[in-house]
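Undergrad: sequence unavailable; structure follows:
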């Protein structure tokens, strides 16, 4: 069974997000070993300088790097990433599993994104959309797409 890790910067507080994570975690338990790690987001001033943002991203990158599973395929969620259909993501995940990637780790940055060093380590930079979403909602959207990927692989009617 493939291990899926989602490393997220920022903690969910809203009950509706927490409930959605619980629901998709339950659904995914039939398909993979899921681990979700919430890491603290660096505090920034209301109008942070580029230097302050760079420092926050570097600190978050160090924390993320320390939590990365060994021998994992990294997928960085970022706005400049590749846009994939649900079917294409499912195929990509299946290719990774076939190629021996028993562990896949998705990275979701905080409100200012991910440090470039993390993006450089990724086997795939993935974008959900050219639109902007709250990073907490992106977590739910990602969980749904991972679940959908497994449903596509087993030929379920979930994906129409």
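TA: Alright, I've got the coordinates. Since this is a predicted model, take the numbers as computed values, not measurements.
Undergrad: residue 10 contacts residue 137, correct?
TA: No - Residue 10 is beyond contact range of residue 137, at 11.3 Å (criterion: C-beta atoms under 8 Å). The way it works is simple: take the backbone N, C-alpha and C, and place the C-beta from them, glycine included.
Undergrad: neighbour count: those two, which is higher?
TA: Applying other C-beta atoms under 10 Å to residue 10 and residue 137 shows that residue 10 carries more neighbours, namely 18 against 13.
Undergrad: for that one, which residues are in contact?
TA: Residue 10 makes contacts with 38-41, 110-111, 135-136, as judged by C-beta atoms under 8 Å, 6 or more residues apart in numbering.
Undergrad: ok, residue 64 next?
TA: By C-beta under 8 Å, 6+ apart, the neighbours of residue 64 are 7, 9, 39, 107, 114, 118.
Undergrad: tell me which element residue 35 falls in.
TA: Here residue 35 sits within strand 33-39, counting by DSSP states H and E.
Undergrad: name the strands paired with that strand and say parallel or antiparallel.
TA: strand 3-9 (parallel) (DSSP bridges).
Undergrad: list the helices and strands the helix or strand just after the strand it pairs with packs on?
TA: Sequence order places helix 15-28 as the next helix or strand after strand 3-9, per DSSP H and E. Judged by 3 or more C-beta pairs under 8 Å, 6 or more residues apart in numbering; DSSP states H and E, the packing partners of helix 15-28 are strand 33-39, helix 135-153.
Undergrad: closest to residue 76 out of the ones you listed?
TA: With C-beta to C-beta as the criterion, residue 76 lies closest to helix 135-153 of those, at 11.7 Å.
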